[in-house]
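> For reference, the sequence and a predicted model appear below.
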Amino acid sequence: MAHAVVRTDKMWGTDVRSGLVSLKYVTVAGSAVTPAGVIDNGNVLKIDGLMDGEREIYKGVAVTADDTIEDVVLVDSVELMYDERKRNLDEFENAKGAIIRGYVLHTGDIFSVTAEALKNASPAVGQKIELAAGTKLANVTTSTKAIGKIIAKEVAGRYTYYVIEID
């Protein structure tokens, strides 16, 4: 199974370190916080406060369609693969319970993802991008809640990237 791949082409957090956050992908039920599952780079999470007893590690939970972009981060951890048989970026996933890196999204940010990071099939240039329930961005033809749009399709080696600009 291929995993999503992301490029941070023009992200605020690339040069401004306050645009990065450390988080764990979790589920929250009342006061119980448990690790969720694995998550791919290029997916999104909502920041839900600090982990208990931590000063810099936040809880990252699945996004809802009603969330605002100010609370959402793009998952993009360093691709360290300890299995020597894995050599490609599309073989990487963030392990369950791992501390992962997230980029805070801002107007004007540009990043690229492979189709596996998008909720709907057949991404195309011009489609709108909106938040949807879960951890994937939704690519739709029309939207009243769009947070961005696909501005280009690029092929780089074995990967086809969809370039997204945040409005």
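Thanks, I have it. Residues are numbered from 1 along each chain as shown.
> Could you give me the buried positions within the lowest-mean-pLDDT helix or strand in the chain?
The weakest-scoring helix or strand in the chain, judged by mean pLDDT, DSSP states H and E, is helix 12-15 (a mean of 90). Buried residues in helix 12-15, counted by 16 or more other CB atoms under 10 Å: W12, G13. Where C-beta positions appear, they are placed from N, C-alpha and C, glycine not excepted.
> do stretch 131-140 as well
Neighbour-count burial for stretch 131-140, with 16+ other CB under 10 Å as criterion, is recorded at L131, A132, T135, K136, L137, A138, N139.
> Now do the same contact list for the residue positioned nearest the centre of the chain.
The chain has N43 as the residue nearest its centroid, 2.7 Å off, counting by CA atoms, centre = their mean. Residues near N43 by CB atoms under 8 Å, 6 or more residues apart in numbering: A4, L74, V75, A117, T135, K136.
> Specify which member of these is nearest to I150.
Distance to I150, by CB to CB, is smallest for A117 among these, at 11.7 Å.
> What helices and strands are in contact with the least confident helix or strand of the chain?
Counting contacts by 3 or more CB pairs under 8 Å, 6 or more residues apart in numbering; DSSP states H and E, helix 12-15 packs against strand 99-104.
> neighbouring contacts of the strand it packs on?
With CB under 8 Å, 6+ apart as the test, strand 99-104 has contacts from 8, 11-13, 19-25, 39, 45, 47, 57, 60, 73-78, 94, 109, 111.
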